[in-house]
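**Q** What follows is a predicted structure for the sequence shown.
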Amino acid sequence: MTKLSVNINKIATIRNARGGNIPDVLAAAINCEKFGADGITVHPRPDERHITYRDVRDIRPVITTEFNIEGYPSDIFIDLVCDVVPHQVTLVPDPPETLTSNAGWDTRTNLAFLKDIIARFKAHGIRTSIFIDTDLANIESAALTGTDRIELYTEPYAVMYPQYPLKAVTPFLEAARNAKEAGLEINAGHDLDLQNLKYFSESIPWIKEVSIGHALISDSLYFGLENTIQMYKRLLAQG
């Protein structure tokens, strides 16, 4: 079954809006795993507007399933990841001022850069993943970087899904097939939610992991965190 990694950035955003330690990000990470999450995802940014570098270091010792750190591979990010040694690092091509990740890597242009960064992470025993769109040429080049996985950027799927579900998922299915043939494992994330997750999971059952934050944390305001995580897990089980 596809694993569910819960991105807890939004919990940190709420904490940082007021200062102090409410809600407690560390407790949230522990509870997400307790409630059934298969892993925890964080995306620290240089301005620390949500997850801070201290959060990343505090969370790592208490994670019992999987810890996934996302981010742009700047020098400070690389140093953080190599120091913390998460189970997985997901490389995202977003500059510091970007509100949220909104594009995948151009792996052809950045091939040498990504190969170097990935080799450094793999030397520390960290599984690597590249955030990427459905462009087949980018997937072909991703396979040359030495990465273990790609993470399909699913916002285009989520936007089109309500009206044209088959049309929405088709390029992702083709991309996932090509990635699998190239020897890459596949993750997915961005704007997956309770409405569109089941269809995506059914269409591409060999997806290893989905990372979901904004929608899941927002849903938890209505349904409670434990119940919400189980709702997402049930959708993946049905896929």
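**A** Noted; the coordinates are in hand.
**Q** How about the longest helix seen in the chain, which residues are buried there?
**A** Longest helix in the chain, counting residues (DSSP state H): helix 165-181. By neighbour count on 16 or more other CB atoms under 10 Å, the buried set for helix 165-181 is Ala168, Val169, Pro171, Phe172, Ala175, Ala176, Asn178, Ala179. Glycine gets a C-beta too; all of them are placed from N, C-alpha and C.
**Q** try stretch 117-126
**A** Those would be Ile117, Ile118, Phe121, Ile126, for stretch 117-126 by 16+ other CB under 10 Å.
**Q** List of residues touching that stretch?
**A** In this structure, residues lying in contact with stretch 117-126 by CB atoms under 8 Å, 6 or more residues apart in numbering are 73, 78, 81-82, 85-89, 91, 128, 145-147.
**Q** 10 Å instead, please
**A** Contact partners of stretch 117-126, identified using CB atoms under 10 Å, 6 or more residues apart in numbering, comprise 69, 73, 77-78, 81-89, 91, 110, 127-130, 142, 145-148.
**Q** now, which of those residues lie within helices?
**A** Those of the contacts of stretch 117-126 lying in helices (DSSP H): Phe77, Ile78, Val81, Cys82, Asp83, Val84, Ala142.
**Q** Which member of these is positioned nearest Ile229?
**A** Closest to Ile229 out of those is Val84 (23.8 Å), distances taken as CB to CB.
**Q** Look up how far Arg120 lies from the closest one.
**A** Val84 sits at a distance of 14 Å from Arg120 (criterion: CB to CB, to the nearest Å).
**Q** one step back: who does the longest helix of the chain touch, helix- and strand-wise?
**A** helix 136-142, strand 149-153, helix 155-160, strand 185-189, helix 197-203 (3 or more CB pairs under 10 Å, 6 or more residues apart in numbering; DSSP states H and E).
**Q** about what we covered before: what is the nearest of the ones in helices among the contacts of stretch 117-126 to Glu33?
**A** Taking those together and measuring to Glu33 by CB to CB, the closest member is Val84, at 17.0 Å.
**Q** I figured that closest one hits Gly71, correct?
**A** No: the criterion here is CB atoms under 10 Å, and Val84 misses it with Gly71 at 11.7 Å.
**Q** what residue lies at the spatial centre of the protein?
**A** What sits nearest the mean C-alpha location of the chain, by CA atoms, centre = their mean, is Ser211, with 4.1 Å.
**Q** The helix or strand hosting it: what's the following helix or strand?
**A** Taking DSSP states H and E as the definition, one finds Ser211 inside strand 209-212. Later in the chain than strand 209-212, the nearest helix or strand by DSSP H and E is helix 214-223.
**Q** Now that following helix: average pLDDT?
**A** For helix 214-223, mean pLDDT is 97.
**Q** could you say what helices and strands that helix packs with?
**A** The helices and strands touching helix 214-223, judged by 3+ CB pairs under 10 Å, 6+ apart, are strand 3-7, helix 9-18, helix 25-34, helix 225-238.
**Q** Next, the buried residues of it.
**A** Quick answer for helix 214-223 (16+ other CB under 10 Å): His214, Ala215, Leu216, Ile217, Asp219, Ser220.
**Q** For Leu194, see how far away the second one is.
**A** What that stands for is Ala215. Distance check for Ala215 against Leu194: by CB to CB, it reads 7 Å.
**Q** what do those two both touch?
**A** Taking CB under 10 Å, 6+ apart as the contact rule, the neighbours common to Ala215 and Leu194 are Thr228, Tyr232.
**Q** before we move on, back to that, single out the most deeply packed of the helices and strands packed on helix 165-181.
**A** Of these, the one with the most neighbours on average (mean count of other CB atoms under 10 Å) is strand 149-153, at a mean of 25.
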